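Visitor: Predicted model and sequence below, questions to follow.
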There are 2 protein chains.
Amino acid sequence: MEDLNKLKENESANIEKQGEEDETDPESNELHQPLLKRNRTISSSTLAIVGTKVSHIESLDYEINENDLFKQDWRSRSKVEVLQYVFLKWLFAFLVGLLTGLIATLINLAVENIAGYKLLAVAKYIEQKRYIMGLVYVSGVNLLLTLVATVLCVFFAPTAAGPGIPEIKAYLNGVDTPNMFGATTLIVKIIGSIGAVAAGLDLGKEGPLVHIGTCIASLLGQGGPDNYRIKWRWLRYFNNDRDRRDLITCGSSAGVCAAFRSPVGGVLFAFEEVATWWRSALLWRTFFSTAVVVVVLRAFMEYCKSGNCGLFGQGGLIMFDVSGVSITYHVVDIIPVVVIGVIGGVLGSLYNHILHKILKVYNVINAKGKLHKILLSLSVSIFTSICMYGLPFLAKCQPCDSSIQDSSCPTTGRSGNYKQFNCPNGHYNDLATLLLTTNDDAVRNIFSINTPNEFHISSLAIFFAIYCVLGLITFGIAVPSGLFLPIILMGSAYGRMLGIAMGPYTKTDQGLYAVLGAASLMAGSMRMTVSLCVIFLELTNNLLLLPITMLVLLIAKTVGDCFNPSIYEIILELKGLPFLDAHPEPWMRNITVGELTGAKSAVVTLGGIEKVGRIVEVLKNTTHNGFPVVDLEQNEVAKLHGVVLRSHLILVLKRKWFLKEKRRTEEWEVREKFSSIDLAERGGKIEELTMTKDDMEMFVDLHSLTNTTPHTVVENMSLAKAMVLFRQVGLRHMLVLPRYTSIGAPPVVGILTRQDLRAHNILSAFPQLDKSTGSKKGH
Amino acid sequence: MEDLNKLKENESANIEKQGEEDETDPESNELHQPLLKRNRTISSSTLAIVGTKVSHIESLDYEINENDLFKQDWRSRSKVEVLQYVFLKWLFAFLVGLLTGLIATLINLAVENIAGYKLLAVAKYIEQKRYIMGLVYVSGVNLLLTLVATVLCVFFAPTAAGPGIPEIKAYLNGVDTPNMFGATTLIVKIIGSIGAVAAGLDLGKEGPLVHIGTCIASLLGQGGPDNYRIKWRWLRYFNNDRDRRDLITCGSSAGVCAAFRSPVGGVLFAFEEVATWWRSALLWRTFFSTAVVVVVLRAFMEYCKSGNCGLFGQGGLIMFDVSGVSITYHVVDIIPVVVIGVIGGVLGSLYNHILHKILKVYNVINAKGKLHKILLSLSVSIFTSICMYGLPFLAKCQPCDSSIQDSSCPTTGRSGNYKQFNCPNGHYNDLATLLLTTNDDAVRNIFSINTPNEFHISSLAIFFAIYCVLGLITFGIAVPSGLFLPIILMGSAYGRMLGIAMGPYTKTDQGLYAVLGAASLMAGSMRMTVSLCVIFLELTNNLLLLPITMLVLLIAKTVGDCFNPSIYEIILELKGLPFLDAHPEPWMRNITVGELTGAKSAVVTLGGIEKVGRIVEVLKNTTHNGFPVVDLEQNEVAKLHGVVLRSHLILVLKRKWFLKEKRRTEEWEVREKFSSIDLAERGGKIEELTMTKDDMEMFVDLHSLTNTTPHTVVENMSLAKAMVLFRQVGLRHMLVLPRYTSIGAPPVVGILTRQDLRAHNILSAFPQLDKSTGSKKGH
């Protein structure tokens, strides 16, 4: 917390100083003078708030660490090993798909059965007119289910709360959030998700399924949970951040596919929203994973058709199928489509804005302790239960349409489109159809086609209003929660209302309006286009809807982008994850990396053959994770050898691979002591090591452990370009080289990391940068 | 050609030397000795064979050239200008979609009408039993149409021949093929495509449509054809290679979408197959373009339904709609699906292999002159006409199935599924149904569902055999030709044959087998997966087909990849386009960029303030396009300033912006003389400039025209990593910096370009590299 306070102090100091700076126009200074004075220090705090806990965030090593051991390993890699590796990659892609599919099946089964029996019991109470008893029953069951979910999340896996998608996005950007992909997280996420969804809370299982997919992928790649890893030799190929990244990308597509039964949509979602790096080989493998998921889900649904799955029947996976509707467009239909798009954009950004505020308040509450977290969840659960149960009493009973077959109206079971609720026979309660049901069924009902008179506009308005409130207050509580479903429900409500309003002027079905409304709000809040479009395409199973869906999504996204960033970006910002954006800020062209490193403390370099004492001192006194290795040769000529990682230094100290005299080691000496598998392990902490005085006087030859091919930029590189490079190649450390070659000059003038490139950190050291672009806009 | 010969000499010299090299094991040498001797010279020939003409291929400048003028321009860019730019980007995306849609409409209309009237006339001759007359008529018309197409291609736009997709792929990789996107090319491509397709040649309009889309995009971006450009001020934003690249990506998606009416497939095709760089903003804009295309096509089809489009009726755009078929899978269906996939992979790679050989032979023929090209096309046309007309006589007449309505069997018109041809009433000729029709109709017929007994297996075998021959001999002739349709036809033939063979064991429709066969051969030859899958999904309009299509595509691609690269890569290789692959070769880790630049001639640098004479000399004596600018300061300290482009140097010489004395210029002096628009123009040739003797003694201050932020690597960077960097960031020049800092050392030791990073060029200088990895496999 000290660092955070210091940061704040810096900021306030900067604000005071700004008055003075206003006078000096950065344009007016001489050529070849740095635009900015190097008088401030960048405090690149690595502290971030994840799940309200302040923790150290590490970067991932996506760059290939080309040291002697790696090169040796690479050269000696036989054809058989390459085949093993390729085989394993595909096997993992298959297993990720298979397991994700099975777990999605399990969750669906559990939710449908638990919620189903609950709803059946409630229906019985209502039939007996024991309304209070019904309320007590439904609230009690929901409370219990919520309690299970929230206790698990709070005590065992805080990272399992929420959707997990922002953290996955950050991971694939190179940010290692701790405890994100463990076995505990996976189990808590599965059980918690079942509990929360079955409790009727306004949240979906879609986001959690994505997280579950990535957890499975990560566990497979490392051979099991941390403490019980399988020591299979083949697994060593996956003991690096690059292959783990690919696996996790696969997992996220499989998760989306399992959530929406949308294989192409899953791949596109991973590509458009989640992944930072993408290769076409990956496209192919993720596609394979999602294909497996679809096959599993389809087989399971085939199996359940014969009634082997308890209450899981028509419900669950198929969300809505409008393939039967014939769609004809006319020019006049463009108007409501545009209107839906605009509404979606405005409401979506408004939703993002308000959710941002509420999450801030929730962070304060959650920070007070575990009990507060649990109480918050339980209050939301009780409020939800009361609304869901109580509000339908406000709606008027409607007579069943005589054209509908007897059996389907009214229904008294757990699902079905025309719920009888408190109504006399032959009548149904349209609000109960939407509220007193599972979220999946609610979506199916509101999307239902050829039912133009089913829902009264006042019922839809109540439905919309209550889901707006619930959607905002539910998301931040400590249970696994997805954002997709609440947004779909809200969007479909106003879409259908618009459909009723447009009734006399159009032939388009109200169900389609509901679909378009849902799509528009998704685009307005999450700002995805192609993947959403494909997901909706695969959900609705009607290709003729495509052009109109595209239009809605494009308009909603454009309108939304005018107001604020996407909901995932807001959450990333809120969690303090150092996510690197694709686009550098405009003012980044006005500052060079040399100016940036100048503002930092001087770079700490190590010699090629270094004293143990100095290494220990450096490791203890700095928090850097990489150190440039520089050889000083005769005549003060300095030679850059590369970058050595902290974890490798610690490994050397741990194994006490010391030399008595200052000499170069042979390659076999290193190979005897270390394998490339050792190097892949994350090292311990320097504080845990004890060194004798004799040790401290010995030497270490760092040459063979040094990554000899670090990426570099010259000091006059503009920050904008450096940042693009950093992100495109997936770096952790970027060396800054001098422009001059002169005697005694260091071959490295600085080292940049992810934190140094974040706009917020730079602006706190160079506050005039932001202003200067602002004032220049007028020129 | 001299360079090419030299290359060959080098190669033969290398072969001779290999005997000596075998002894020295690269593993055995001392540490820190370069693995390779720097004794050879890389001859990075920029000559490439495009359309059988040897021409200089230039690279594109995708890197932002951050010189003083750009920075000034960037800083002074007002909000209004940013809005103009954004507006224009979207306007262009819209226009690309609109125009591509309209031209696709035009081509379809023209083809259907020309081919339709031709077929009607032929049908009349056959009805009158004037068979010879029919043959003469059909051959004559086809010959004439082919003649038009080929003469246009040969005399006006040689780059319009072929599909154009490989060149577009290369362009988006950074290779500037000359005359690819001009107005002449566009017009020739349109007319030529109409002629060639209407002539009944075995080629499609799909590839040409992609090329047409990109031509439109390029012409829009530069404001019209080269000689009649619109001088709209707003267009200056698009006068750079980066924005042009985005536009062309848009154009290629629009083209695919227009070809297959597949908006999502179009976007994915551009992403998976064509583009090298991709941003998510681009995803959104290409999506918009394809949406516009679909709306245009749909509107046009709606209009044509009422019979306003001549013979264009049901034919043309809808290729096949199997949405009506209900598909049920059983485990047993997996077997034929796997078989189709394997056959597709084997045949696809075989097709690639044979086509490669034939294209080499064709290159020899085409190189002989324009007349040879035309004669080749005409021979193919005559052969095609004879086969298409003659072969149906081999088939037996089949009686119409009595369950079919009278009107649809037999048909005598231009399209229709049961062609009467030479058969008595109530009978049809199944081979004529497939051959004597347009290619689109042939696809539709062979894909037709619920027609299990329509085609005899012998007819399908003949169809398959003839299309194999035609597909191989037609592709290389000098007309605009797409690869998609020939492959679809071949694939559907063996798919349907397999369907007939499987008949007793499966309930799956033969039409679906044909679809799967087509998909498998596409994947086996072109090696795309996700985009193909989506294209087939959108073509067949049946989502239930998805898992099975995925499986077929994955198997076919995997099998195909075992034998040879994709057809597009083969064509790229054949055309000699310096395409940079995504993956570096394994041996590239064993060589550093320092060794590579050591093998090249020394780097030519310019001083910050340089004599005109020296600049002229350097430009005349080298072919480089970028020169490092190095300032020599006091005490022999050298300072790297950046890289200046050849085109900017020529601009300076052209405008004679010389200084009498050696002094630094002020920024306003440069701004007075040059604008950033001037710098975007491609400069002329140094030979065209005349300098007086006085001029030669004057000076130029290059500082303000120099890109001060070039991308750099240190000399011990491995080539593999350097190549990934080069491709990821989209570079044209990469500076190599020394590891040492010592007095008098140059701050730059080399400069690498695209040609230096090509495996072929490196291996010709370091032949032992390839071998060394080979021999190391055993370790």
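Guide: Thanks, I have the structure now. Numbering: from 1, shown residues only, chains lettered A, B, ... in the order given.

Visitor: how would you label residue A:657: helix, strand or coil?
Guide: coil (DSSP: H, G, I helix; E, B strand; the rest coil).

Visitor: Excluding chain neighbours, give the residue nearest to it in space.
Guide: residue A:673 (5.1 Å; CB to CB, 6 or more residues apart in numbering or on different chains). C-beta here means a position set from N, CA and C on the backbone, and glycine is covered the same way.

Visitor: Same question for residue A:658.
Guide: Nearest residue to residue A:658, sequence neighbours excluded (CB to CB, 6+ apart): residue A:698, at 3.8 Å.

Visitor: count of neighbours near the one you found?
Guide: 18 (other CB atoms under 10 Å in any protein chain shown).

Visitor: Got the phi and psi for it?
Guide: phi -80, psi 180 (degrees, to the nearest 10).

Visitor: residues in contact with it?
Guide: Counting by CB atoms under 8 Å, 6 or more residues apart in numbering or on different chains, residue A:698 touches A:611, A:612, A:658, A:659, A:660.

Visitor: And the residue nearest to residue A:657, how far from residue A:701?
Guide: 11 Å (CB to CB, to the nearest Å).

Visitor: Give me the pLDDT for the residue nearest to residue A:658.
Guide: Residue A:698 carries a pLDDT score of 89 in this model.

Visitor: so the residue nearest to residue A:657 makes contact with residue A:656?
Guide: No. Using CB atoms under 8 Å as the test, residue A:673 is too far from residue A:656 to be in contact (9.8 Å).

Visitor: Make sure residue A:392 is indeed in a helix.
Guide: Yes. If the criterion is three-state DSSP, then residue A:392 is within a helix.

Visitor: The nearest residue to it once chain neighbours are set aside and residue A:458, how far apart?
Guide: Nearest non-adjacent residue to residue A:392, counting by CB to CB, 6+ apart: residue A:432, 3.9 Å away. Here the distance between residue A:432 and residue A:458 works out to 14 Å (CB to CB).

Visitor: for chain B, what are the nearby residues on the stretch 151-300 of chain A?
Guide: Within the stretch 151-300 of chain A, the positions near chain B by CB under 8 Å from any CB of the partner chain are A:263-264, A:267-268, A:272, A:278-280, A:283-284, A:287-288, A:291, A:294-295, A:298.

Visitor: what ranges do the strands span in the stretch 1-150 of chain A?
Guide: A:47-50, A:53-56, A:58-59 (DSSP state E, counting those that start in this stretch).

Visitor: How much space separates the residue of chain A most remote from its centre from residue B:636?
Guide: Relative to the centre of chain A, and counting by CA atoms, centre = their mean, the farthest-placed residue is residue A:635 at 52.7 Å. Residue A:635 sits 14 Å away from residue B:636, going by CB to CB.

Visitor: do residue A:370 as well
Guide: 68 Å.

Visitor: again, but for residue A:219
Guide: Distance check for residue A:219 against residue B:636: by CB to CB, it reads 59 Å.

Visitor: which of those two has more neighbours?
Guide: Neighbours per residue (other CB under 10 Å) separate residue A:219 from residue B:636, with residue A:219 holding more: 22 against 12.

Visitor: what's near enough to touch that one?
Guide: A:181, A:182, A:183, A:186, A:225.

Visitor: need the longest helix for chain A.
Guide: For chain A, the longest helix by residue count, based on DSSP state H, is helix A:79-127.

Visitor: How far does that helix sit from its chain's centre?
Guide: Distance of helix A:79-127 from its chain centroid, counting by CA atoms, centre = their mean, to the nearest Å, is 20 Å.

Visitor: now for it, which elements pack on it?
Guide: Under the contact definition 3 or more CB pairs under 8 Å, 6 or more residues apart in numbering or on different chains; DSSP states H and E, helix A:79-127 sits against helix A:131-155, helix A:183-198, helix A:206-222, helix A:241-260, helix A:280-305.

Visitor: Let me see the mean pLDDT of the helix or strand that the last one is followed by.
Guide: Downstream of helix A:280-305, the first helix or strand assigned by DSSP states H and E is helix A:334-367. When pLDDT is averaged over helix A:334-367, the result is 92.

Visitor: Same question for stretch A:214-225.
Guide: 88.

Visitor: Please list the outside residues in contact with stretch A:626-641.
Guide: Applying CB under 8 Å, 6+ apart, the external contacts of stretch A:626-641 come out as A:603-608, A:618, A:642-646, A:649, A:702-703, A:706, A:708, A:710, A:732-733, A:735, A:737, A:743-748, A:751, A:753, B:714, B:739-742.

Visitor: what does the one helix or strand the residue nearest to residue A:392 maps to contact?
Guide: Per DSSP H and E: residue A:432 is located in helix A:430-435. Residues from elsewhere that reach helix A:430-435 (CB under 8 Å, 6+ apart): A:387-389, A:391-392, A:394-395, A:398, A:416-419, A:421-422, A:442, A:445-446, A:454-456, A:459-460, A:462-463, A:466.

Visitor: how about a cut-off of 7 Å?
Guide: Identification of contacts with helix A:430-435 by CB atoms under 7 Å, 6 or more residues apart in numbering or on different chains yields A:388, A:391-392, A:394-395, A:398, A:417-419, A:421, A:442, A:445-446, A:454-456, A:459, A:462-463.

Visitor: close enough to count as contact, residue A:297 and residue A:101?
Guide: Yes. Using CB atoms under 7 Å, residue A:297 is in contact with residue A:101, at 5.6 Å.

Visitor: what's the overlap in contacts for those two?
Guide: residue A:258.

Visitor: Where does residue A:502 sit: helix, strand or coil?
Guide: Classified using three-state DSSP, residue A:502 is helix.

Visitor: what's the answer for residue A:455, then?
Guide: Under three-state DSSP, the three-state class of residue A:455 is coil.

Visitor: and the residue nearest to residue A:658, how far is that from chain B?
Guide: 22 Å (CB to the nearest CB, to the nearest Å).

Visitor: Over to residue A:459?
Guide: 32 Å.

Visitor: check which helix or strand covers that residue.
Guide: Secondary structure (DSSP H and E) places residue A:459 in helix A:457-474.

Visitor: Quick one: neighbours of the closest residue to chain B within the stretch 201-350 of chain A, just the number.
Guide: Closest residue of the stretch 201-350 of chain A to chain B, CB to the nearest CB: residue A:291 (4.2 Å). By the criterion of other CB under 10 Å, residue A:291 has 29 neighbours.

Visitor: just checking, it touches residue B:547?
Guide: Yes. At 5.8 Å, residue A:291 counts as touching residue B:547 under the criterion of CB under 7 Å.

Visitor: And whichever residue of the stretch 551-700 of chain A sits closest to chain B, its phi and psi?
Guide: Distances between the stretch 551-700 of chain A and chain B by CB to the nearest CB are smallest at residue A:637, namely 4.4 Å. When read as degrees, to the nearest 10, the backbone of residue A:637 gives phi -80, psi 120.

Visitor: Flag whichever of the residues of the stretch 151-300 of chain A next to chain B scores worst on pLDDT.
Guide: Lowest confidence among those: residue A:280, with 74.

Visitor: what's that one in contact with, if anything?
Guide: Going by CB under 7 Å, 6+ apart, the list of residues near residue A:280 reads B:272, B:582.

Visitor: Can you name the residues in contact with stretch A:725-733?
Guide: Counting by CB under 7 Å, 6+ apart, A:59, A:61-63, A:174, A:276-277, A:580, A:582, A:626, A:643, A:710-711, A:713, A:734, A:751, A:753, A:757, B:711, B:724-725, B:728-729 sit against stretch A:725-733.

Visitor: Put the buried members of the residues you listed into a PyMOL selection.
Guide: Only the buried entries of those go into this PyMOL selection, using 16 or more other CB atoms under 10 Å in any protein chain shown:
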select buried, (chain A and resi 59+61+62+63+174+276+277+580+626+643+710+711+713+734+751+753+757) or (chain B and resi 711+724+725+728+729)
